[in-house]
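In: attaching a predicted model along with its sequence, questions to come.
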Amino acid sequence: MSPILTSIRSLLPDDDLRSQMAARTAYRVPADGTIDPAAIVTLETIEQGLARGVIPVDELRVFGAYSQLDLERVGVVKGKALRPLALRGLARQGGTVVVNNAQRLTPELWDLACAAERWLGTGVTLAAVISFGQSGIELHYDSADLIIVHLNGSKTWSFFGPAIADSAKRFTNHHRDPPTEITGEVTMRPGDLLYVPSGLFHRCTPGDWSLHLGIIVSYPSAAGFANYAAELVNDEARAGAPLPGFLGEEAVAAELEAVKARMIAQIAAIDPMAWYAEHQARRARIQSLDLSPGAPTAEGMATLNVTIGPASNGDMLSAAHAALVATPAVQAVVAALREKPLAVAALPGLLGSDYSVEAVAAALAKLADAGLVRIDTV
């Protein structure tokens, strides 16, 4: 269990969170000393991680005057390289910096993300949000639930109206008129927790500068089930059958009624929870590796500190933290993972012909037994 998550759950009991999730209402829990903000993540740690390239530049968002800034145009990014001093100077002029996939910053945050996935039974990522003097983000809602851990400064959250039902649809400026009446406000201070349901419009106003960590809780949506059902129906109900009008309306109507009957029968036969279970079983995945040089081994080979991401999508493996000898084969895996997520089944090809999936799994199990890696089979 992640110590950070233990402190969060102590302040936010499961029954309380479950009740607010069901009601889909915002819920603030004031600090009681349980959570130590400095032990979670600091602005210095975030800036150091960005400088080292732990977070790819495409995971970074900077907002000012209620619009997202083009980081190339304002000189914060050149090519694919971040210019940390330029980012620091720009951010402190007033605005908001959002660091997505912040679990990559430290092993402790990776542990938090992995443990939160097991706790909540769904996909989790982390985001660090830093605001200087004013909020740069307009009124909006998120398509995922948020559990906010406030770390520094203060920030007032203003909520507008009840949470919308179809919150899986991403908010844009064009697809709906946002509400204008404030229906609730809370001011967050270090150590406070806040639950914000998906679909709840909100705007944030920092007191001076503020930092919070967001646990972003993503769910499968009913639309995903509908797409799954539609694919089955199309395949099984012969929905691709032609409808030649030359045969007459009666023939077309008869064929359509036959297709309709087959579709209804297929829909009635679908087990929704079987779809849900299959979806959840596909979440385990190696998401990325973040490397920093370690001490040489007794044999003189370098050791890499390896961080492997929390579960996501696909039949893949998830682990938290490991130390591995940087053999050429391991470096090949690292290079591949920097490009994209990697299925466990792809490891043998990268590690060499002498390896099998079973051998790789056995090697990882030995690492786990030695305490060098924690493997989460979500």
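Out: It's in.

In: drop to CA atoms for contacts and neighbour counts, all remaining ones
Out: Will do.

In: what about the longest helix in this protein?
Out: Secondary structure of the chain per DSSP state H: the longest helix is helix 249-269.

In: what about V74, neighbour count?
Out: 12 (other CA atoms under 10 Å).

In: for the one 5 residues further on, same thing?
Out: A count of nearby residues for G79, using other CA under 10 Å, gives 8.

In: where's the closest residue to it other than its chain neighbours, which helix or strand?
Out: Of all residues not flanking G79 in the chain, E72 sits nearest, at 7.6 Å (CA to CA, 6 or more residues apart in numbering). Per DSSP states H and E: E72 is located in neither a helix nor a strand.

In: ok, now L126?
Out: Once you assign secondary structure using DSSP H and E, L126 falls within strand 123-132.

In: got any ranges where this structure has weak pLDDT?
Out: By pLDDT under 70, the weakly predicted segments of the chain are 1, 170-176, 235-239, 280-378.

In: related to what we said a few turns ago, buried residues in the longest helix of the chain?
Out: 252, 255-256, 259, 262-263, 266 (16 or more other CA atoms under 10 Å).

In: and stretch 241-249, C-alpha only, in PDB?
Out: Extracted C-alpha coordinates of stretch 241-249, given in PDB (Å, rounded to 0.1, in the frame of the first residue of the first chain):
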ATOM      1  CA  ALA A 241     -27.200  -7.100 -46.100                       C
ATOM      2  CA  PRO A 242     -28.100  -5.100 -49.200                       C
ATOM      3  CA  LEU A 243     -31.500  -3.500 -49.600                       C
ATOM      4  CA  PRO A 244     -32.200  -3.400 -53.400                       C
ATOM      5  CA  GLY A 245     -35.100  -1.000 -54.000                       C
ATOM      6  CA  PHE A 246     -35.800  -2.600 -57.300                       C
ATOM      7  CA  LEU A 247     -37.300  -5.600 -55.500                       C
ATOM      8  CA  GLY A 248     -40.000  -3.300 -54.200                       C
ATOM      9  CA  GLU A 249     -40.900  -1.700 -50.800                       C
END
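
In: contacting residues around that stretch?
Out: For stretch 241-249, the external contacting residues (CA atoms under 8 Å, 6 or more residues apart in numbering) are 252, 255.

In: again, only this time at 7 Å
Out: Residues outside stretch 241-249 that contact it (CA atoms under 7 Å, 6 or more residues apart in numbering): V252.

In: before we move on, what about stretch 30-37?
Out: Contact with stretch 30-37 is made by 7-8, 11, 151, 190-193, as judged by CA under 7 Å, 6+ apart.

In: and these, which two are furthest apart?
Out: L11 and L151 (14.8 Å; CA to CA).

In: neighbour count for those two, which is higher?
Out: The neighbour count for L11 versus L151, taken as other CA under 10 Å, is higher for L151 (27 against 20).

In: and the helix or strand encompassing the more buried one, which strands flank it?
Out: Using DSSP H and E, L151 sits in strand 145-152. Strand pairing for strand 145-152, using DSSP bridges, gives strand 193-196 (antiparallel), strand 209-218 (antiparallel).

In: coming back round to it: the residue nearest to G79 contacts A81, correct?
Out: No. The criterion here is CA atoms under 7 Å, and E72 misses it with A81 at 9.8 Å.

In: what bridges to the residue nearest to Q68 when sequence neighbours are not counted?
Out: Spatial nearest neighbour of Q68, excluding adjacent residues (CA to CA, 6+ apart): V62 at 5.8 Å. Beta bridges link V62 to V97, judged by DSSP bridges.

In: phi, psi of the residue nearest to G79?
Out: phi -70, psi -50 (degrees, to the nearest 10).

In: how deep is it tucked in, by neighbour count?
Out: E72: 13 neighbours (other CA under 10 Å).

In: ok, it to R61 distance?
Out: Going from E72 to R61 by CA to CA, to the nearest Å gives 12 Å.

In: any idea of the angle the strand holding L126 forms with strand 209-218?
Out: 160 degrees (axes from the mean of the first three to the mean of the last three CA atoms, to 10 degrees).

In: what about strand 123-132, distance to the chain center?
Out: 10 Å (CA atoms, centre = their mean, to the nearest Å).

In: which positions in it come out as buried?
Out: Neighbour counts over strand 123-132 (16+ other CA under 10 Å) mark 123-132 as buried.

In: for that strand, name the packing helices and strands.
Out: With contacts taken as 3 or more CA pairs under 7 Å, 6 or more residues apart in numbering; DSSP states H and E, strand 123-132 sits against strand 95-100, helix 107-120, strand 209-218.

In: try 6 Å
Out: Helices and strands touching strand 123-132, by 3 or more CA pairs under 6 Å, 6 or more residues apart in numbering; DSSP states H and E, are strand 95-100, strand 209-218.

In: the longest one vs helix 107-120, what angle?
Out: This means strand 209-218. 40 degrees.

In: show the subsequent helix or strand relative to strand 209-218.
Out: Strand 209-218 is succeeded, C-terminally, by helix 222-236 (DSSP H and E).

In: list the contacts for Y27?
Out: Shown in contact with Y27 (CA atoms under 6 Å, 6 or more residues apart in numbering): 194-195.
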